[in-house]
Every structure is written in structure tokens, then in C-alpha cells.
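K.L.:
sharing a model that was predicted from the sequence below.
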Amino acid sequence: MNYIATKDSLCINRRRRDLVMAKATVTLMAMLICASLPLAYSNNFVTSACKTAAEPEPCVSSLAGLPGLPHLNPTQLLKASIKAAISMVQKTSTMAAGLAGRASPGLEKIALQDCIDLLDETTDHLTEVLQHVLSLDFITNNFEASSVNTFLSAGLTDQDTCIEGMAATNGYVKSQLQTSIQKISHSISSALAMFMAIAKIADFKSTSHSRRLLSARHGESGELPAWLSGADRRLLLDSTTDLRVDAVVAQDGSRNYTTIADAVNGAPEKSKQRYVIYVTAGVYYEKVEISKRKTNLMLVGDGMDSTIITGNQSVVDGTTTYRSATFAVKGRGFIARDISFENTAGPYKHQAVALRVGSDLSVFYRCRIDGFQDTLYAHSLRQFYRECEIYGTVDFIFGNAAAVLQSCKIMARKPMEKQTITITAQGRKEPNENTGISIHDCNVTAAPDFVPVPTYLGRPWKEYSRVVFLQCYLDDIIEPQGWAQWNSSDFALNTLYYGEYMNYGPGADLPKRINWSGYHTLDTSQANKFTVAEFIRGNKWLPSTGITYFSGLKD
């Protein structure tokens, strides 16, 4: 039988050949790099790596306790440390479930359930890291290297969130759980320090091959993530009348569902295809939680003034900050467009989240996020917000995601009496984490209900808090010093990273800015590190959505 090669078959064969060659290159590079790595013990590799951790001594102790240390090279040690962390997480989760089963209804039980959910997330994050380490793809791929750091950082954030929720509880349960969670944190921290040390060696060894792991390029090559198809390109741009949807929510009962929660529950689990839910105009009094199993989900509304999801849960009313969210999403690849998320608890109810996001590679486009204290909880993983409106009073953009907010309106509103306004409170605890909040080309100004009170760009929630404002308009509501201390203390002033680059407006004058060692007036090279292309590797996953964005700094 004669076989005539068609254009398509030749392209397929070429792609297969390129894939084989790419895999061979990865394997060869991995072998060369791993062969050059010293034994961890004999060369004090552990001690050297742990110097970059926030707490070097627990880092060393965590790694030194692993079996076979003298005979392991760093990549083997990294695998062993991740497996040990997974084992700790699973044991602690079992303990937390037992404690929750015996707890009376109330805050303690809610906090324990938070911890169980967060530990489950941590197991997933660490398992993903282990897969990357076993395949060694992070050695020759910038995006995969970024992903390893992202998932380890998220694992650390999960532990912090668990402890924060338990802070208001008392007694035996709190102390037992804190001890176990602290051990997990030390284990993940040591794995992150080890990964960074290996990545630096790989970065050095691979320079002759033009593959830099720790510094991204504006045009990374490679296929888009499997969850994101070219068909998504128009989803953020089409009108709702032209949009292909899989389900429709209408309160009058005329369509598939009357509630958003039911529509989400009806979506497929672990989907590799985009599933679009159109939510028609209306005010939806719902608490919506999108689980990690609901991947590639998209919610489209009729506009931020028309489709509104609202709730009013708060810490004062007996829940945790984490659980107070009106809308929460974990499933990877989530997209929201033309919707409002709000929490109407008010300033006197303290922490009351409108939107909590723990979805990796998520996008929010033309959305309103409306609340008072702790409005937007950018909890973890990689997130992008474009042309959104965010309203609040105290710490109203907070969390430990790697988040970029671009061309958004950030509106300060009337707080409680004698309160000052702080826009950001970022939660980075480890210097090796690739997390932070980057606010780019945004308009920072007063909401209609604003009254003149001291207003600041942010304050350090955690020791290595990291926030930058790039090319933003800052209204005259911003105090001349720009940034505030945490509860008037010297906490984190030397370890935080706050930066400003080419901001403008009456609140952007720099001469009276604070002079902390952690504050920086950025140059172009420094500012570029916090752009979409570099900070969240956006060129790898945003283009197929069709969303407009700046890859780098504006001209």
C-alpha cells in the first residue's frame, strides 16, 4: 500500500519529532545537572540552601531528619522532603477530622473544617510538585519551574490560613493543631529552599543553552496549558447574545437553573473543556463555593451593575475570615466576566470577604468586588484581574497569591470612626515565595461615600509582604508617606518589599514617602519583574483568552 503524505500528516509528524527531541533535551539536561549536584550532606548543601529560608534552623532540622541523607543528592532530597511533607499533611488532616467530629457547633468547628479543606488542598499542591520533580521538567522549563514555586508557596499559605482561623479558639484543640501545622510549614519551607538552590544550579548550568529558569522572558515558547484551548479566545469578548453557553441561570425559572450554586453543581468535574455558565441580570443572595474539582469553569453576567452575587457573612457574626466569602473559587482555570461579588456586612462587622480566590491561572474581567474590610481575598496561586472595580476600607486587597491587577479602579470608601484606610495587606512569610500583589495602570481614588481619613497604599500583614504600584494614578486621598506600619509597630519594616514605579497624580509625590529599608523607588528593570509576563508568566496562559493586557510596562 502506498502512503501519500498530506500536509496535515507532515505537520503531525514534525510535531511528534519536535516533541521527541524536546523530551530528549530535557532528559539530557536533567542528567547533566543532576550529575553535577553534590551529595547534600558532604558538601553542606542543606545548610547553604536553608540560609535562604525565613527560619534556617528549622529548615536544616527538617531536612536532616530524612533517612539516607548522606547518600542523597539535592534532587533526591527534594523528592524525599516532599514525600515526608505529604505524609505529615495526611496525618494532620486525620487528626483535624477527629477533632472536628468531637467539636460543638460554632467557631471552633468552622475553623477545623477550614483546616481540613486547606490540608486537602496542600496534599494536591505537594503531589503536583512531586510530579514535576519526578519528571525533572522544571529544570528546562520556565513555566514549570514557576509552577513548582507557586504550589509550594500555596502549601505554606494553606498552613497559615489554618492557624489564622484557629486564632480565636482556645485550649487543647488549638495547641495540638498548631504544633502539627508548624511542622508541616517547616517541611514545606525546607522543600522550597531546596528547590530554589537546585533551580539556581540548573540556571547556571543551562545558560549556555539559553534557558533561564529564574528569570522569565517576555515571549516564552511552548504549548498553552492543556486546560486552556484556542476556543477560549472570544469568551471574554463576545456579547452574551453571541456567546456559546452550556447553562443559563435565571431567577424567574425560565432557563436551566434558578441559582448559581445549582448551576455550578451541575457542571462537569475535572473538565478539560471550558464550561460556560451565563448568569442573567438579577441580585443573587447566595453563598457560592466552587470546589477544586470544578475546573475550566466560566461565569458570565450581564454586567457588573446588573448581575450581582451578594452576601453578608462576617467574623463578628461568628465565622472565620476564610469562610466569610460570598463567592469562593478553587477550581483551576476559572474565568469570571461582567459580574459583581459583594459582601454587605458593613464596616462594623470587620473581616467580611466578598471574593476569595484560590484558583490557579484564573481571570476576572470587568468584575466589581465590593465590600469593606478584607473585600478581595487573593488567597493563593496565580491570578489576573483586568478592568475590575474593587471597593473597601481596611486591607481590602489581601492574601498571598501571585496576583496582577491591571487597569482596575480601586476605590476607598467610608470606614468606621477613627479607622484609617489601607488598600493592601499582603501575606508573604517566606523570602523564597514567588507571591505578591502587583497593581499596574490602575486608578486609586475615592468611592462616592468616602470621607477624608488617612489612606495608605498598604501595610505589612506578614514578614515578607510584597506589593508594588506601577504606572498608577494615585488621587489626593493617599497620605504623603504612602505606606503604613502594622498596628504602629516596627514589624517587617526591614523585610517587606514595597515598590513604586512612575505613578502619577496628587498622591504620587515621593519626597515624603517612608524611608524603610524595604521600600523601593523602582527602576525600569526592577519594575519589569512585576509585570504580567514575568510575575505570573502571563504570556504562557493569557493570550488564548483573548483578553486585552499589557505584557510588560506601558510605553
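P.N.:
Received the coordinates, thanks. Owing to the predicted nature of the structure, the values given are computational and were not obtained by experimental measurement. Residues are numbered from 1 along each chain as shown.
K.L.:
all contacts plus neighbour counts: C-alpha atoms, from now on.
P.N.:
Will do.
K.L.:
next, count neighbours for residue 242.
P.N.:
Counted with other CA atoms under 10 Å, residues neighbouring residue 242 total 10.
K.L.:
which residues touch it?
P.N.:
By CA atoms under 8 Å, 6 or more residues apart in numbering, the contact set of residue 242 is empty.
K.L.:
helices of the stretch 251-400 of the chain, start to end?
P.N.:
Under the criterion DSSP state H, counting those that start in this stretch, the stretch 251-400 of the chain contains helices at 260-265.
K.L.:
now do the buried residues in the longest helix seen in the chain.
P.N.:
Using DSSP state H, we find that the single longest helix of the chain is helix 172-205. Residues of helix 172-205 classed as buried by neighbour count (16 or more other CA atoms under 10 Å): 173-174, 177-178, 180-181, 183-199, 201-203, 205.
K.L.:
can you name the next helix or strand after it?
P.N.:
strand 247-249 (DSSP states H and E).
K.L.:
contact partners of that next one?
P.N.:
By CA under 8 Å, 6+ apart, the residues outside strand 247-249 that reach it are 255, 256, 257, 258, 259, 260, 263, 276, 277, 278, 279, 280.
K.L.:
where exactly do the helices run in the stretch 451-555 of the chain?
P.N.:
Going by DSSP H, counting those that start in this stretch, the stretch 451-555 of the chain shows helices at 524-528, 532-535.
K.L.:
residue 90 contacts residue 123, correct?
P.N.:
Yes - at 7.4 Å, residue 90 counts as touching residue 123 under the criterion of CA atoms under 8 Å.
K.L.:
counting neighbours, what do you get for the residue lying closest to residue 458 once chain neighbours are set aside?
P.N.:
Distances taken as CA to CA, 6 or more residues apart in numbering put residue 424 closest to residue 458, at 4.2 Å, once the chain neighbours are dropped. Neighbour count for residue 424, taken as other CA under 10 Å: 26.
K.L.:
quick check: which element contains residue 424?
P.N.:
Per DSSP H and E, residue 424 falls inside strand 421-426.
K.L.:
now for that strand, which elements pack on it?
P.N.:
strand 394-399, strand 455-458, strand 466-470 (3 or more CA pairs under 8 Å, 6 or more residues apart in numbering; DSSP states H and E).
K.L.:
residue 76: what secondary structure?
P.N.:
Following DSSP: H, G, I helix; E, B strand; the rest coil, we place residue 76 in the helix state.
K.L.:
burial measure for it, as a count.
P.N.:
Residue 76, neighbours per other CA under 10 Å, totals 17.
K.L.:
pretty sure residue 352 sits against residue 377.
P.N.:
No - look at residue 352 against residue 377 with CA under 8 Å: they stay out of range, at 9.8 Å.
K.L.:
pick out whichever of the two has more residues nearby.
P.N.:
residue 352 (36 against 26).
K.L.:
tell me the contacts of residue 382?
P.N.:
Counting by CA under 8 Å, 6+ apart, residue 382 makes contact with 150, 359, 360, 361, 362, 401, 402, 403, 536.
K.L.:
circling back: and of the helices of the stretch 451-555 of the chain, who's closest to residue 146?
P.N.:
Among the helices of the stretch 451-555 of the chain, the nearest to residue 146 by CA to CA is helix 532-535 (9.3 Å).
K.L.:
avg pLDDT for stretch 113-127?
P.N.:
For stretch 113-127, mean pLDDT rounds to 98.
K.L.:
now it, how far from the centre of its chain.
P.N.:
15 Å (CA atoms, centre = their mean, to the nearest Å).
K.L.:
ok, residues contacting that stretch?
P.N.:
82, 85-86, 89-90, 92-93, 96-97, 100, 151-152, 154-155, 158-159, 161-162, 165, 322-323.
K.L.:
in helices only, show me those.
P.N.:
82, 85-86, 89-90, 92-93, 96-97, 100, 151-152, 154-155, 158-159, 161-162, 165.
K.L.:
could you check how far residue 199 is from residue 147?
P.N.:
12 Å (CA to CA, to the nearest Å).
K.L.:
repeat for residue 425
P.N.:
24 Å.
K.L.:
of the two, who's got more company?
P.N.:
residue 425 (27 against 23).
K.L.:
which ones are touching that one?
P.N.:
395, 396, 397, 398, 399, 458, 459, 460, 461, 465 are the contacts of residue 425 under CA under 8 Å, 6+ apart.
K.L.:
show me which pair in these is furthest apart.
P.N.:
396 and 465 (14.9 Å).
K.L.:
quick one: low-confidence parts of the stretch 151-300 of the chain?
P.N.:
Applying pLDDT under 70 to the stretch 151-300 of the chain picks out residues 202-241.
K.L.:
per the record, what domains does this structure have?
P.N.:
56-202, 244-545 (the TED database).
K.L.:
residue 553: which of the ones you listed is closest?
P.N.:
Closest to residue 553 of the domains of the chain is domain 244-545 (CA to CA; 6.6 Å).
K.L.:
span of that closest one from start to end?
P.N.:
End to end - CA to CA - domain 244-545 spans 14 Å.
K.L.:
thought residue 134 was touching residue 79?
P.N.:
Yes - Residue 134 lies in contact with residue 79 (CA under 8 Å); the separation is 7.5 Å.
K.L.:
okay, the two: which has more neighbours?
P.N.:
Using other CA under 10 Å, the more surrounded residue of residue 134 and residue 79 is residue 79, with 19 against 14.
K.L.:
who are the contact partners of that one?
P.N.:
130, 133, 134.
K.L.:
Three-state assignment for the first one, please.
P.N.:
Assigned with three-state DSSP, residue 130 falls in the helix class.
K.L.:
please renumber the chain so that the first residue is 21 from this point on.
P.N.:
With 21 as the first residue, the last one maps to residue 150.
K.L.:
quick check, it in contact with residue 102.
P.N.:
Yes - using CA under 8 Å, residue 150 is in contact with residue 102, at 6.6 Å.
K.L.:
of the two, who's got more company?
P.N.:
The residue with more neighbours, out of residue 150 and residue 102, is residue 102; 23 against 20, by other CA under 10 Å.
K.L.:
coming back round to it: which of the helices of the stretch 471-575 of the chain sits closest to residue 393?
P.N.:
Evaluated over the helices of the stretch 471-575 of the chain, closeness to residue 393 peaks at helix 552-555, with 26.4 Å, by CA to CA.
K.L.:
who does that closest one touch, helix- and strand-wise?
P.N.:
strand 422-426.
K.L.:
in its sheet, what does the very next helix or strand once past the strand it packs on sit against?
P.N.:
Using DSSP H and E, the helix or strand that follows strand 422-426 in sequence is strand 429-432. Partners of strand 429-432 in the sheet, by DSSP bridges, are strand 409-412 (parallel), strand 463-466 (parallel).
K.L.:
pick the most deeply packed of those strands.
P.N.:
By mean neighbour count, with neighbours taken as mean count of other CA atoms under 10 Å, strand 409-412 ranks first of the strands paired with strand 429-432 at a mean of 25.
K.L.:
using PDB, write out every CA atom in that strand.
P.N.:
Extracted in PDB, the C-alpha atoms of strand 409-412 (Å, rounded to 0.1, in the frame of the first residue of the first chain):
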ATOM      1  CA  GLU A 409     -13.600  47.700  40.300                       C
ATOM      2  CA  ILE A 410     -12.600  47.000  43.900                       C
ATOM      3  CA  TYR A 411     -14.200  48.800  46.900                       C
ATOM      4  CA  GLY A 412     -13.200  48.700  50.500                       C
END
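K.L.:
which residues does that strand contact?
P.N.:
386-396, 428-433, 443, 467.
K.L.:
give me the number of residues near the closest residue to residue 473 other than its chain neighbours?
P.N.:
What sits nearest to residue 473 in space, not counting adjacent residues and going by CA to CA, 6+ apart, is residue 440, at 6.0 Å. Neighbourhood size, residue 440 [other CA under 10 Å]: 17.
K.L.:
tell me the contacts of residue 440?
P.N.:
413, 414, 473, 474, 475, 476.
K.L.:
residue 449: which of those residues is nearest?
P.N.:
Using CA to CA, residue 414 is the member of these that sits closest to residue 449, with 20.3 Å.
K.L.:
surely that closest one meets residue 434?
P.N.:
No - judged on CA under 8 Å, residue 414 makes no contact with residue 434 at a distance of 10.0 Å.
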